[in-house]
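>>> Pasting the sequence and the predicted coordinates here, then a few questions.
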Amino acid sequence: MTAACAMSLDEVNAFLMREFPQMAIGKAFLVEDVGPMRARLRLLYSDRNVRPGGTISGPAMFALADVAMYVAVLAQIGPVALAVTTNLNINFLRKPPAADLIGECKLLKLGKRLAVAEVTIRTQGEDEAVAHATGTYSIPPR
């Protein structure tokens, strides 16, 4: 953790496990890293995320992008459970194989009330993106 982060990796994971057990942190998603204006998450491969044709489903990739944005925001502002998604757009670029996916989030702007982010999703071990998302989070007043 650097001085720019309000929460460490361990603090983010503990917060998510306590406040959002339905996210299945450690079972469906792994928060692998947080840093200044960024986060990296892994969507663990599971048959429940595979759609006909043997590819990871769009809703699973959408969820990875959304959770990655939330984690990046939390790491910067601290444990604010009521920060919420106000917009999320995703472009599916290519068919990912049935494998873990990595979501790399970068916060483009972090203001007092809004955060704007982008997430690039890749298959583990691959360089080419399988999806790209942009989104906005609303940060409640303190």
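In hand now; what should we look at?

>>> mind checking which helix or strand residue 64 is in?
Using DSSP states H and E, residue 64 sits in helix 58-77.

>>> Which strands and helices lie in contact with that helix?
Counting contacts by 3 or more Cβ pairs under 8 Å, 6 or more residues apart in numbering; DSSP states H and E, helix 58-77 packs against helix 9-19, strand 29-35, strand 38-43, strand 84-92, strand 101-110, strand 114-123, strand 129-138. All C-beta atoms are positioned from the backbone trio N, CA, C, and that covers glycine.

>>> Could you check it and say which residues are buried?
Going by neighbour count (16 or more other Cβ atoms under 10 Å), the buried part of helix 58-77 is 60-77.

>>> now do stretch 12-30
Quick answer for stretch 12-30 (16+ other Cβ under 10 Å): 12-13, 15-16, 23, 25, 28-30.

>>> and if you look at stretch 95-104?
96, 100-104.

>>> what would the residues you listed look like in a markdown table with pLDDT and distance to residue 89?
What follows is the buried residues of stretch 95-104, written out as a markdown table (pLDDT from 0 to 100; distance: Cβ to Cβ, whole Å):
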| residue | pLDDT | distance to residue 89 |
| --- | --- | --- |
| 96 | 95 | 18 |
| 100 | 97 | 24 |
| 101 | 98 | 18 |
| 102 | 98 | 20 |
| 103 | 98 | 15 |
| 104 | 98 | 17 |
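
>>> And the furthest pair within the residues you listed?
Maximum pairwise distance among the buried residues of stretch 95-104 (Cβ to Cβ): 14.5 Å, between 96 and 104.

>>> rewinding a little: gap between the helix holding residue 64 and the chain center?
2 Å (Cα atoms, centre = their mean, to the nearest Å).

>>> Thanks a lot, see you next time.
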